[in-house]
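>>> Please find the sequence and the predicted model below.
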Amino acid sequence: MSEDKFLSAFESLPAIPFRSVIKMIQVEDFKSLRLASKILRDRIEEEEKLLFKYWTFSKHLPSLSENLKKFSADVKIVEGLKIYLLCQDFDDMLLSSFRGLLEVHPEVNHLNLGFNYLSRFKTISELLPTIGHVLKVITIHQCLSSEGLLQLGQGSLPVLEVLYINGLFSSKDVIYLLSLVSTTLKKLTLSNVEIKDDSMSEIHSFPALEEVIFKTTVSDKAIMHLLKSAKLKVLRICFSYGNGADLYELKPLEPLLLSELQLKQCGPFTDNGLVSILKHCQHLKVLSLQETAIRGDLFSELSINCFPKLVNLDLYHCRRLTDAGLVCLLKGCSAVNTLNLGNTCITGETFTKVGLDSFPQLIDLNLRFCTSLTDRGLLAILTRCPKLRVLDLHGSSTSGEFTLGIVLPFEPQLKNLDLEDCYNLTDPGLVNLLKIFGNNIQVINLNNTKINGEYFANAVFDYSPKLENIDLMKCKKLTDLGFFSIYAKLGHELRSLKCSHTRLSGGNFLGALSFQPKLENFELYERVGITNQGFADMLSKLGRNLKVLRITAAKVDGKDFADLTWEKVPVLEILDLSGCSELCDAGMKVMLENCGSKLETLKLLGTNIAGDIFQEICVDFPRLMELDLTRCKQLTDTGIVAILNKIGKPLKSLYLAKTLITGENFDQVNLESPALEKLCLSHCKNLTIAGVTLVLEKFGPTLETFSMYKTPIRAEV
């Protein structure tokens, strides 16, 4: 390619690959590259704004001072400094270099003081006269002593907007620093800093404060003082010891502007404390009370529809929450579309006493691990959710049989149903659920349930026309007849089917299907009992449109594959037969001739193939980019040569770890312009220096990653 054509191609590269290329160019080469053309100069200057916005000095460098000077001169924009795990003190030369960088780059507005342990870190205060007046963001980890924090506060910080403090500082020192920046602060995060007393009230107000995050112990008085901030919109508190008892004194002149309130893992927090806040929060959109001790009994004091904007309510693991309390709270939340009641003790039966229009906007309902939930209670909830799209019943006690004969007063919109670990679920219950919700359902998770599927053989119901994904993993009672019956009823539009860790053998696949399968992804991990005939039958019934096939740890050997009737799998892209320890060359040949023309990834880890038969395969593999033969103990030197001569040209990744090859036959590999980029020969105990030399002669020019970990080859190769 001529220089002009190359330059034109480089100039016209899309943004992402262009950015990837210039990231690899050394800083000193940028000036030369800018001179190549005006288009390149303009594009590079635009990318510099993105690429060099923040520099991080994270470890000891032999000439850190000199590097800082170089960065100052070569980097166009520096908006932030992150000083992290620095292993040398601020000597005069280093301090001078930092000061020089800050003078050259007055645009710096972000200072991140990471985990540093420097005896002279107090000298950071000497930088503040240069930088403090423009700082908008400061992040402080466990790097400063109390003295250092006070010195930081002594600097001028007139425009600071974001402050993050993580460290075991005294509340007195933190409050002092906050008092200096309170007028401009917009976001405050405190982690591991305990505010147990009334010291927050020493600060008159936070007129610009919009977001507060406490990952630490904080007193009721401190919470109340922060809630008085006129612009506060987000308050997130974790691990607080306060119970909210003092919050009854909260009497703002106007309703609070809070749009998000999180009190996660605030165990002692009481209903009284919560109600004292909530009655002033008409603008709430997100409310999370995860792992609190609330019961909900006092929520009746809240007016109906008191949270008209609330869309996300999270009550996960509120183990003391009662049905009555939940109903009272939900009366104020007519707009809720996401409700998390996972791991609570509700039964749901109180919902029979509320109107059918109780949850008109609810889309996502999480009832995961609600072991007290009754079938009657679940039915009462579902009949009040006309727009429900996602229902998570993972680990709940439902049998599904509560739906027998039920007709909902609306057209169900459910798309995703999770029944994983529902040990009480029965086959008739599952059929009844599908009769009610089947018209729109797209995903159903039956992982680790006790269904066997045979009830589907005689069940009468319309198939689910939009069902695309079924998970039957760990269904240990699932039979071959049951599996085929489920597929015959529900498989019309199915794209993904997972049956790993079941007891399927592949039998009972002889019946005719009433539709053309559209299945694209089939997974059958750890299926020891599948037979050669069962394997062929499965593939013939399911495989016409398969793109991904994973059948691992099966006992198939493939010896009689040539005598069986096969349906070709013309569009298969990924074939994973890892752990099929008895699979031989003859079986592999039949498989690849029926499935291999469009393969991109082939995984044969731990199989019994030797490889020599690959030279007899009568199809090509123009798209195969990844081949994994790890732990193929029968693989020979002549076998790997036969494999590479047949399928090696497009390969980019080849894994031969823990095989017994020596590499000494690689001179017989006949490939023009191989594309191999990654080669793994780790744990190849028979590998020789002569073999490695031949490997590198053949593939070295294109290799980017080459692993010989734990081989006999030493550094002299």
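Sure, I can see it.

>>> which residues in the stretch 401-550 of the chain form strands?
416-418, 443-445, 469-471, 496-498, 521-524, 548-551 (DSSP state E, counting those that start in this stretch).

>>> and residue 166, which of these is closest to it?
strand 416-418 (36.1 Å; C-beta to C-beta). (Each C-beta comes from the backbone N, C-alpha and C, glycine too.)

>>> Let's verify residue 188: helix, strand, or coil?
The assignment at residue 188 comes out as strand when based on DSSP: H, G, I helix; E, B strand; the rest coil.

>>> now swap in residue 360 and tell me
Assignment for residue 360 (three-state DSSP): coil.

>>> what comes up buried for stretch 558-566?
558, 561, 566 (16 or more other C-beta atoms under 10 Å).

>>> okay, the second one: pLDDT?
Note on residue 561: pLDDT of 82.

>>> contacting residues for it?
Neighbour list for residue 561: 532, 536, 586-587, 590-591 [criterion: C-beta atoms under 8 Å, 6 or more residues apart in numbering].

>>> And it, how close does it get to residue 604?
Remark: distance between residue 561 and residue 604 (C-beta to C-beta, to the nearest Å) = 15 Å.

>>> what do you get for the last one?
Using C-beta to C-beta, one gets 19 Å for the distance from residue 566 to residue 604.

>>> tell me the strands in the stretch 101-250 of the chain, going along the chain?
110-113, 137-140, 162-166, 187-191, 211-215, 234-238.

>>> which neighbours does the first one have in its sheet, and in what orientation?
Think strand 110-113. Its sheet considered, strand 110-113 pairs with strand 80-83 (parallel), strand 137-140 (parallel) by DSSP bridges.

>>> Return the first one as CSV; C-alpha atoms alone will do.
Once non-C-alpha atoms are left out, strand 80-83 reads as follows in CSV (Å, rounded to 0.1, in the frame of the first residue of the first chain):
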residue,chain,number,x,y,z
GLY,A,80,-7.4,15.7,37.3
LEU,A,81,-4.5,14.3,39.5
LYS,A,82,-4.9,11.0,41.2
ILE,A,83,-2.0,10.2,43.6
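
>>> mean confidence score for it?
Here the average pLDDT along strand 80-83 is 70.

>>> Now do it: distance to the chain's middle.
Distance of strand 80-83 from the chain centroid (C-alpha atoms, centre = their mean, to the nearest Å) equals 28 Å.

>>> what's the burial count for residue 225?
21 (other C-beta atoms under 10 Å).

>>> OK, contacts around it?
Residue 225 makes contact with 200-201, 203, according to C-beta under 8 Å, 6+ apart.

>>> Please report the distance of residue 626 from residue 612.
Applying C-beta to C-beta to residue 626 and residue 612 gives a distance of 22 Å.

>>> ah, wrong one, I meant residue 258
Using C-beta to C-beta, residue 258 is found at 72 Å from residue 612.

>>> Neighbour count: these two, which is higher?
Comparing residue 258 with residue 612 by other C-beta under 10 Å, the one with more neighbours is residue 258, at 22 against 16.

>>> sorry, back to before: a markdown table for the contacts of residue 225, including pLDDT, neighbour count and distance to residue 285?
Listed next are the contacts of residue 225 as a markdown table, based on pLDDT from 0 to 100; neighbours: other C-beta atoms under 10 Å; distance: C-beta to C-beta, whole Å:
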| residue | pLDDT | neighbour count | distance to residue 285 |
| --- | --- | --- | --- |
| 200 | 83 | 21 | 26 |
| 201 | 80 | 13 | 28 |
| 203 | 86 | 18 | 27 |
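
>>> Just the closest of those to residue 408, please.
Nearest to residue 408 among those: residue 200, at 51.5 Å, using C-beta to C-beta.

>>> Chain neighbours aside, what residue packs nearest to that closest one?
residue 222 (4.0 Å; C-beta to C-beta, 6 or more residues apart in numbering).

>>> picking up where we left off before, kindly indicate which of the contacts of residue 561 lies nearest residue 491.
residue 536 (18.7 Å).

>>> So what's the residue count around that closest one?
By other C-beta under 10 Å, neighbour count at residue 536 equals 25.

>>> for residue 320, same thing?
14.

>>> so the nearest residue to it once chain neighbours are set aside, which of the three states?
Among residues not flanking residue 320 along the chain, residue 295 sits closest, at 4.9 Å (C-beta to C-beta, 6+ apart). Here residue 295 is coil, with the state taken from three-state DSSP.

>>> May I ask you to confirm that residue 295 is in contact with residue 323?
No. Between residue 295 and residue 323 there is no contact, the gap being 10.5 Å when judged by C-beta atoms under 8 Å.

>>> ok so, going back, buried subset of the contacts of residue 561?
Buried, going by 16+ other C-beta under 10 Å: 532, 536, 586-587, 590-591, out of the contacts of residue 561.

>>> Just the C-alpha atoms of stretch 681-700, please, in PDB.
Extracted in PDB, the C-alpha atoms of stretch 681-700 (Å, rounded to 0.1, in the frame of the first residue of the first chain):
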ATOM      1  CA  LEU A 681       1.500 -24.800  25.200                       C
ATOM      2  CA  SER A 682       1.500 -24.700  28.900                       C
ATOM      3  CA  HIS A 683       2.100 -27.900  30.800                       C
ATOM      4  CA  CYS A 684       3.200 -29.700  27.600                       C
ATOM      5  CA  LYS A 685       5.800 -31.900  29.400                       C
ATOM      6  CA  ASN A 686       7.200 -33.500  26.200                       C
ATOM      7  CA  LEU A 687       7.800 -30.100  24.500                       C
ATOM      8  CA  THR A 688      11.400 -29.800  23.100                       C
ATOM      9  CA  ILE A 689      13.600 -26.900  22.100                       C
ATOM     10  CA  ALA A 690      13.600 -28.100  18.500                       C
ATOM     11  CA  GLY A 691       9.900 -28.300  18.600                       C
ATOM     12  CA  VAL A 692       9.400 -24.800  20.000                       C
ATOM     13  CA  THR A 693      11.800 -23.400  17.400                       C
ATOM     14  CA  LEU A 694       9.700 -24.900  14.600                       C
ATOM     15  CA  VAL A 695       6.500 -23.600  16.100                       C
ATOM     16  CA  LEU A 696       8.000 -20.100  16.300                       C
ATOM     17  CA  GLU A 697       9.300 -20.300  12.700                       C
ATOM     18  CA  LYS A 698       5.800 -21.100  11.500                       C
ATOM     19  CA  PHE A 699       3.700 -18.900  13.700                       C
ATOM     20  CA  GLY A 700       6.000 -16.400  15.400                       C
END
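
>>> which regions of the stretch 451-600 of the chain lie under the pLDDT threshold?
Where the stretch 451-600 of the chain drops to pLDDT under 70, the residues are 508-511, 527-528.

>>> the helices in it, which residues?
480-490, 532-542, 585-595 (DSSP state H, counting those that start in this stretch).

>>> One more: the stretch 201-350 of the chain?
Ranges of helices within the stretch 201-350 of the chain are 220-227, 271-278, 323-330, based on DSSP H, counting those that start in this stretch.
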